[in-house]
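Trainee: take this sequence and fold it.
(one chain, ligands or ions: 1)
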Amino acid sequence: MTDFSQLNKSSAKSFNEQKATIKKLMQGREIKCPHCLKAIVLYLPEQSANPGARCAKGCTDIALDFV
Ligand SMILES: [Zn+2]
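Mentor: Predicted coordinates for the structure are as follows:
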């Protein structure tokens with residue numbers, strides 16, 4: 001199970017956008033970074049010590065806190 005409550009809450013809108021992005025990535029959809037147009041890659045806790053969704057350049061960097 002994934003708990004989204006610990007995601008960055010800088011604003012409700014961006015929180016919902018981040019949540020939607022993570023959800024799509026988890027469904028296997030390809031999401032492109034709106035800034036650099038590179039694919040956003042989802043890093044799961046089993047794969048990374050710093051789980052989250054990031055693009056190659058780092059302009060999209062969504063932290064994930066798994067329970
Ligand atoms: Zn980017």
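
Trainee: now do the SS call for the most centrally placed residue in the chain.
Mentor: Most central in the chain under C-alpha atoms, centre = their mean is residue 53, positioned 3.2 Å from the mean C-alpha point. Classification of residue 53 using DSSP: H, G, I helix; E, B strand; the rest coil returns strand.

Trainee: then residue 16?
Mentor: Taken by three-state DSSP, the conformation at residue 16 corresponds to helix.

Trainee: what about it, how many residues close to it?
Mentor: 12 (other C-beta atoms under 10 Å). C-beta here means a position set from N, CA and C on the backbone, and glycine is covered the same way.

Trainee: ok, the one 4 residues further on next?
Mentor: Summarising burial for residue 20: neighbours were counted as other C-beta under 10 Å, giving 11.

Trainee: can you check the one 10 residues further on too?
Mentor: Neighbouring residues of residue 30 were enumerated by other C-beta under 10 Å; the total is 9.

Trainee: that one: what's it in contact with?
Mentor: The neighbours of residue 30, taking C-beta atoms under 8 Å, 6 or more residues apart in numbering as the test, are residue 39.

Trainee: quick check: beta-bridge partners of the residue nearest to the centre of the chain?
Mentor: Residue 53 forms beta bridges with residue 42, residue 62, as assigned by DSSP bridges.

Trainee: so it makes contact with residue 59?
Mentor: No - under the contact definition of C-beta atoms under 8 Å, residue 53 does not touch residue 59, with a separation of 12.0 Å.
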